[in-house]
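Colleague: 3D model of this:
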Amino acid sequence: MTSAPSPAIKTPSKGPGFAEFVCLIAVMMALNALAIDAMLPALPHIGEDLGVTNENSRQWVITAYLLGFGVAQLFYGPLSDRYGRRPALFAGIGIYVVFSILAAFAHTFDMLILSRIGMGIGAAATRVLAVSIVRDRYVGRTMARVMSLSFLVFLGVPIIAPAMGQLVMLVAPWPWIFGVFALAGGGFLLWAALRLPETLHAEDRMPIDVGRIAAAFRFAFTSRQGMGYTLAMTVISGALFGFINSSQQIFFDVFEAPGLFPVVFALVAAGIAVASILNARLVEKLGSRLIAHAALFGFIGFSLLHALIAWLGYDSLWMFAAMQACKMFCFGFIAGNFGAMAMEPMGHIAGTASSAQGFISSIGGALLGFAIGQQFDGTTVPMTVGFALLGVAALALVLAAEQGRLFKARHLPPVAAET
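Modeller: Presented below is the predicted three-dimensional model:
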């Protein structure tokens with residue numbers, strides 16, 4: 001008698017193997033990270049060329065993209081549940097490419113911001129479809145492993161993206177950075193068209209019915225576990241976006257080390273990559289909750305310590321880099337696991353749930369990060385205090401999601417394996 005296949009894996013009859021599938025998902029997600037972080041060294045040049053006199057206003061180049069990215073996620077989920085993952089993905093990547101080209105030809109700051117919103121609207125498909133496609137094939141700890149491995153490649157992009165942006169500007173004006181975005185999006189579109197099959201079975205497709213969509217969103221918004229971890233990820237993302245919004249000004253104005261910006265940014269981002277490698281190896285043995293909850297306490301501890309150091313006036317370039325690397329190391333254990341746990345109860349509405357969760361975490365995180373960035377006062381105090389406050393808020397939300405119990409699952413969701 002042959003054993004039944006594992007309920008944690010649903011392998012299609014054709015398409016990429018495990019390694020190529022992880023790479024496809026990772027590159028899909030990386031298009032988003034590339035569009036954010038490669039812009040950072042160009043912000044002073046953009047401000048100078050397009051007449052932006054207030055330095056904090058340049059942060060809109062990042063935030064406008066994130067807002068478009070967040071809002072559009074509400075639509076990709078229902079569309080992908082109805083028409084399949086491939087059509088929704090291809091439409092989104094096409095929009096991303098078109099608006100990247102428009103941004104390259106922007107002659108005013110307003111035109112650039114509108115183009116960045118359009119890029120975010122297109123890139124939203126990568127957030128929704130990456131999670132939905134993985135959820136179509138895997139659940140439970142295996143899903144967490146796939147997401148963690150994808151995050152490894154995805155989070156390698158922030159390590160090199162600022163250096164890539166700076167390298168482009170050594171040989172061409174800053175608009176060519178958007179040309180790189182367009183080429184990257186077009187290359188991925190071709191790869192996915194050739195190698196990524198439809199993962200949503202025909203019998204699982206659902207018509208666009210207002211009542212059904214409303215019911216799905218209601219389930220996603222009212223699930224204690226799903227919404228608790230979504231909100232926790234939102235505030236943690238807010239800390240990350242606060243760092244991204246403030247980083248260029250911190251390196252250029254506070255530490256007066258613009259030449260070291262790509263190097264130190266890469267070292268900080270490497271903390272997430274190292275954590276993702278370890279998480280992929282440990283999550284199936286130890287479980288998502290044990291790892292993520294412990295990492296959250298580490299994140300809070302490092303954030304409080306860094307805030308104290310900054311408030312006392314002892315922050316320096318390398319102290320800042322070391323403390324941020326430690327916080328990002330903890331973030332690497334948190335992100336993939338929080339996402340997987342938020343999706344655990346959502347197997348029957350994966351696309352819609354991914355849209356709802358992505359909308360909340362992206363919009364909320366962008367606004368929180370923008371709020372932190374706008375407090376920049378020539379020191380690292382606002383950013384470090386923001387990290388500490390948001391870390392504590394994330395812990396409160398996790399406690400609410402788990403009804404006060406940490407490190408171990410309260411129950412096994414009926415649609416997923418134990419995490």
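Colleague: residue ranges with poor pLDDT in the stretch 201-350 of the chain?
Modeller: Applying pLDDT under 70 to the stretch 201-350 of the chain flags the ranges 347-348, 350.
Colleague: which residue ranges form the helices in it?
Modeller: Taking DSSP state H, counting those that start in this stretch, the helices of the stretch 201-350 of the chain run over residues 210-222, 224-249, 261-286, 288-311, 317-343, 350-374.
Colleague: Looking at those helices, which is nearest to residue 400?
Modeller: Each of these has some distance to residue 400 by Cβ to Cβ; the shortest is helix 224-249, at 5.4 Å. To be clear about C-beta, it is placed using only N, CA and C from the backbone, and glycine gets the same treatment.
Colleague: From the contact counts, what lies against the closest one?
Modeller: helix 60-83, helix 210-222, helix 261-286, helix 288-311, helix 317-343, helix 350-374, helix 381-401 (3 or more Cβ pairs under 8 Å, 6 or more residues apart in numbering; DSSP states H and E).
Colleague: Please give the centre-to-centre distance between it and its chain.
Modeller: From the chain centre to the centre of helix 224-249 is a distance of 9 Å (Cα atoms, centre = their mean, to the nearest Å).
Colleague: Make CSV out of the helices of the stretch 201-350 of the chain and add distance to residue 170 and mean neighbour count.
Modeller: Output for those, formatted as CSV (distance: least, Cβ to Cβ, whole Å; neighbours: other Cβ atoms under 10 Å):
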stretch, distance to residue 170, mean neighbour count
helix 210-222, 46, 15
helix 224-249, 17, 24
helix 261-286, 12, 20
helix 288-311, 33, 20
helix 317-343, 23, 24
helix 350-374, 27, 24
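Colleague: Go through those helices and name the closest to residue 95.
Modeller: helix 350-374 (16.0 Å).
Colleague: Could you tell me which residues make contact with the residue nearest to residue 131 when sequence neighbours are not counted?
Modeller: Excluding the flanking residues, the one nearest residue 131 by Cβ to Cβ, 6 or more residues apart in numbering is residue 354, at 4.3 Å. Residues near residue 354 by Cβ atoms under 8 Å, 6 or more residues apart in numbering: 73, 77, 127-128, 131-132, 135, 343, 346.
Colleague: Now the buried members of those.
Modeller: Neighbour counting by 16 or more other Cβ atoms under 10 Å classes 73, 77, 127-128, 131-132, 135, 343, 346 among these as buried.
Colleague: I'd assumed residue 102 was in contact with residue 122.
Modeller: No. Between residue 122 and residue 102 there is no contact under Cβ atoms under 8 Å: 11.1 Å.
Colleague: Comparing these two, which residue is more hemmed in?
Modeller: Set side by side, residue 122 and residue 102 show more neighbours around residue 122, with 25 against 18, by other Cβ atoms under 10 Å.
Colleague: name the helices or strands packed onto the helix or strand where that one lies?
Modeller: Using DSSP states H and E, residue 122 maps to helix 109-137. Counting contacts by 3+ Cβ pairs under 8 Å, 6+ apart, helix 109-137 packs against helix 18-37, helix 60-83, helix 85-104, helix 140-154, helix 317-343, helix 350-374.
Colleague: List just the one of these that sits closest to residue 398.
Modeller: helix 317-343 (8.3 Å).
Colleague: next one: that closest one to chain centre, how far?
Modeller: So, by Cα atoms, centre = their mean, the centroid of helix 317-343 is 12 Å from its chain's centroid.
Colleague: and it with helix 381-401, angle?
Modeller: With axes from the mean of the first three to the mean of the last three Cα atoms, to 10 degrees applied, the angle from helix 317-343 to helix 381-401 works out at 20 degrees.
Colleague: Could you figure out how far helix 317-343 is turned away from helix 210-222?
Modeller: Using the same axes, to 10 degrees: helix 317-343 against helix 210-222 is 130 degrees.
Colleague: residues near residue 54, how many?
Modeller: 8.
Colleague: Please name the residues that touch it.
Modeller: Counting by Cβ under 8 Å, 6+ apart, residue 54 touches no other residue.
Colleague: Turn the helices and strands packed on helix 224-249 into JSON lines, including distance to residue 26.
Modeller: Listed next are the helices and strands packed on helix 224-249 as JSON lines, based on distance: least, Cβ to Cβ, whole Å:
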{"stretch": "helix 60-83", "distance to residue 26": "18"}
{"stretch": "helix 210-222", "distance to residue 26": "25"}
{"stretch": "helix 261-286", "distance to residue 26": "10"}
{"stretch": "helix 288-311", "distance to residue 26": "19"}
{"stretch": "helix 317-343", "distance to residue 26": "12"}
{"stretch": "helix 350-374", "distance to residue 26": "17"}
{"stretch": "helix 381-401", "distance to residue 26": "25"}
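Colleague: Out of those helices, which gets nearest to residue 113?
Modeller: helix 60-83 (4.6 Å).
Colleague: ok so, going back, quick one, which of the helices and strands packed on helix 109-137 gets closest to residue 215.
Modeller: It's helix 350-374; of the helices and strands packed on helix 109-137, that one is closest to residue 215 (Cβ to Cβ) at 9.3 Å.
Colleague: relative to helix 18-37, how tilted is the closest one?
Modeller: Using the same axes, to 10 degrees: helix 350-374 against helix 18-37 is 30 degrees.
Colleague: so how far is helix 350-374 off the chain centroid?
Modeller: Distance, centroid of helix 350-374 to centroid of chain: 9 Å (Cα atoms, centre = their mean).
Colleague: three-state assignment of the residue lying closest to residue 293 once chain neighbours are set aside?
Modeller: Leaving aside its chain neighbours, residue 293 sits nearest to residue 406 (4.7 Å; criterion: Cβ to Cβ, 6+ apart). With DSSP: H, G, I helix; E, B strand; the rest coil as the basis, residue 406 sits in coil.
Colleague: Residue 406: neighbouring residues, count only.
Modeller: 15.
Colleague: Now the phi/psi pair for it, please.
Modeller: Main-chain dihedrals, residue 406, degrees, to the nearest 10: phi -120, psi 160.
Colleague: any idea how far residue 47 is from it?
Modeller: Computed as Cβ to Cβ, to the nearest Å, the residue 406 to residue 47 distance reads 44 Å.
Colleague: Kindly report the same for residue 352.
Modeller: Residue 352 is 39 Å from residue 47, by Cβ to Cβ.
Colleague: same question, residue 144
Modeller: 41 Å.
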